[in-house]
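Visitor: here is the input, now give the coordinates:
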Amino acid sequence: MNPDLLLVRKNTSDLGTWHDVFDEDKGYHLPPESVVKPDCIVDLGAYVGYTATDFAWKFPSATIIALEPNKQNFDRMKNNIWVAGFEPNILAVNAGIGARGGRGYVVGGHFNAMQVVPDDHGDIMIWGIDFFENFPVDYMKMDIEGAEKEILKRQSGWADNIKCIKVELHNYDLGEAWNDLEAIGFEVHRYENHPECLVGER
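Guide: Numbers count the residues shown, from 1 in each chain. This next block holds a predicted model:
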């Protein structure tokens, strides 16, 4: 895949995010080396699809489920998936993720820093994290701008079939997040290339 073919919008967070994904010295989104040949990758907070297309490129046998709540970003993601030729590999979903399913709305002033707030009258669909309770996932990338705190505190069994998770923390004490990940069954370590990232493995 040639990343230069992917759409980068002016006056947005696209260019910075593009570099975060495709510069060789970054790769914050990637799983640890212990995840060798994943069958299923879940991309929570997929933005415009840079991470999802990179997953499909690096792990061609994997199925990628990519959730993005913002409609503008989602439409760009669909376009980028098509340009990259990965439509068969990636299931793109215009939805957010939450501790419980329902409806909500998006808040946040930056294109790649939007959080879904639950609200029965909202125009955004929210998948409840319990969807994954009986759904084997080899690697889950969670970058959801603060919604991770309520999800990681939900001890409902959703994490039992997730082999590895990488969580970017937002307004969430690192020690508290560490304890919450351990409480749902993960062995936890810090991701050394990103000070606000934790990795949980089984």
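Visitor: ranges for the helices of the protein?
Guide: 14-22, 50-58, 71-84, 148-152, 174-183 (DSSP state H).
Visitor: ok, Met125 - how many residues close by?
Guide: Per other C-beta atoms under 10 Å, the neighbour tally for Met125 reads 16. For the C-beta atoms, the positions are set from N, CA and C on the backbone; glycine is no exception.
Visitor: any idea how far Glu133 is from Phe74?
Guide: 25 Å (C-beta to C-beta, to the nearest Å).
Visitor: surely Glu182 and Val188 touch.
Guide: Yes - between Glu182 and Val188 there is a contact at 5.7 Å, judged by C-beta atoms under 8 Å.
Visitor: looking at those two, which has the bigger crowd around it?
Guide: Legend: neighbour count by other C-beta under 10 Å for Glu182 and Val188, higher for Val188 (16 against 12).
Visitor: look up which residues are beta-bridged to the more buried one.
Guide: Gly200 (DSSP bridges).
Visitor: does it touch Asp180 like I think?
Guide: No - using C-beta under 8 Å, Val188 is not in contact with Asp180; the gap is 9.3 Å.
Visitor: report the contact partners of the most centrally placed residue in the chain.
Guide: For the chain, the residue sitting closest to the mean C-alpha position, by C-alpha atoms, centre = their mean, is Leu44 at 2.5 Å. Leu44 makes contact with 67, 97, 140-144, according to C-beta atoms under 8 Å, 6 or more residues apart in numbering.
Visitor: looking at those residues, which is nearest Leu198?
Guide: Met142 (9.7 Å; C-beta to C-beta).
Visitor: what's near enough to touch the closest one?
Guide: Counted by C-beta under 8 Å, 6+ apart, Met142 has contacts 44-45, 97, 148, 151, 165-168.
Visitor: now Ala95
Guide: 67-69, 124-127.
Visitor: for the worst-scoring helix or strand of the chain on mean pLDDT, packing partners?
Guide: The least trusted helix or strand in the chain, going by mean pLDDT, DSSP states H and E, turns out to be strand 115-118, with a mean of 75. Contacts defined by 3 or more C-beta pairs under 8 Å, 6 or more residues apart in numbering; DSSP states H and E place strand 115-118 against strand 96-98, strand 102-107, strand 124-128.
Visitor: including distance to Asp173 and mean pLDDT, could those go into TSV?
Guide: As requested, those are exported to TSV (distance: least, C-beta to C-beta, whole Å; pLDDT from 0 to 100):
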stretch	distance to Asp173	mean pLDDT
strand 96-98	20	93
strand 102-107	21	85
strand 124-128	24	93
